[in-house]
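> Make a model of this:
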Amino acid sequence: MKSTQIPLLGIVAYSGTGKTTLLKQLIPYLRSRGIRTGLIKHTHHDVDVDSPGKDSFELRKAGADQTMVASNNRWALITETPQQNQPDLHYLASRFDGHSLDMILVEGFKHEGIEKIALHREETGRPSDQLIDEHVLAVATDLTSAAVFNNIRVLDLNNPDEIGEFIVEWLEKKRE
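Below you'll find the predicted structure:
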């Protein structure tokens with residue numbers, strides 16, 4: 001299995017905690033700090049980035065195993081994986097252009113053995129301990145009481161700048 005040289009940092013949480021909302025704030029923050037960020041988002045839904053009626057959609061449906069759609073502004077590679085149960089995170093990361101990125105944020109893939117920040121929102125009513133494993137570097141939470149997360153750094157879930165600065169510091173250590 002080919003691994004990536006680009007540092008991966010997971011953002012893991014239960015559905016409804018605000019992973020995507022936080023990432024929409026973190027990515028511009030990191031960009032403002034000069035950090036070029038890729039993103040891999042895991043979903044349990046069927047994904048189709050092409051549209052019915054478009055030539056590329058029709059050609060892919062005709063049986064192409066991989067289809068690339070390209071324009072002056074972007075390109076996308078669509079790969080059919082009907083026999084694959086769970087996507088391989090490191091393989092997916094290896095598809096990125098390592099020369100144009102400093103890091104890859106990973107939304108989901110909560111059971112992968114990568115460094116991660118666990119998000120915990122009290123109102124979800126879900127326990128945080130099921131998100132915590134040996135790869136969790138920090139917990140971003142909205143708990144008002146001084147929660148103890150087994151000596152794991154606690155960040156304010158409602159302060160994306162604090163979380164962003166934590167990521168900047170993490171990436172600087174990775175570069176050393």
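
> lowest-confidence helix or strand of the protein?
The helix or strand of the chain with the poorest confidence is helix 55-61; it has a mean of 75 (mean pLDDT, DSSP states H and E).

> got the CA coordinates for the helix or strand following it in PDB?
Downstream of helix 55-61, the next assigned helix or strand under DSSP states H and E is strand 66-70. Extracted C-alpha coordinates of strand 66-70, given in PDB (Å, rounded to 0.1, in the frame of the first residue of the first chain):
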ATOM      1  CA  GLN A  66     -12.400   5.800 -14.400                       C
ATOM      2  CA  THR A  67     -13.600   9.000 -15.900                       C
ATOM      3  CA  MET A  68     -11.900  12.400 -15.800                       C
ATOM      4  CA  VAL A  69     -13.800  15.600 -16.300                       C
ATOM      5  CA  ALA A  70     -11.500  18.600 -16.900                       C
END
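
> Break down the chain into its strands, ranges please.
8-12, 37-41, 66-70, 75-79, 103-107, 116-120, 136-141, 153-156 (DSSP state E).

> Show me the one of those that comes nearest residue 53.
Closest to residue 53 of the strands of the chain is strand 66-70 (C-beta to C-beta; 13.7 Å). Any C-beta I mention is one placed from the backbone N, CA and C, and that applies to glycine too.

> who touches the most centrally placed residue in the chain in this structure?
Centroid-nearest residue in the chain: residue 106, 1.7 Å away (criterion: C-alpha atoms, centre = their mean). Counting by C-beta atoms under 8 Å, 6 or more residues apart in numbering, residue 106 makes contact with 8, 9, 10, 11, 39, 40, 42, 89, 93, 112, 114, 116.

> one more time with 6 Å, if that's ok
By C-beta atoms under 6 Å, 6 or more residues apart in numbering, residue 106 lies in contact with 8, 10, 40.

> ok, of those residues, which one's closest to residue 140?
Of all those, the one with the least separation from residue 140 (C-beta to C-beta) is residue 10, at 12.2 Å.

> Thanks again, I'm all set now.
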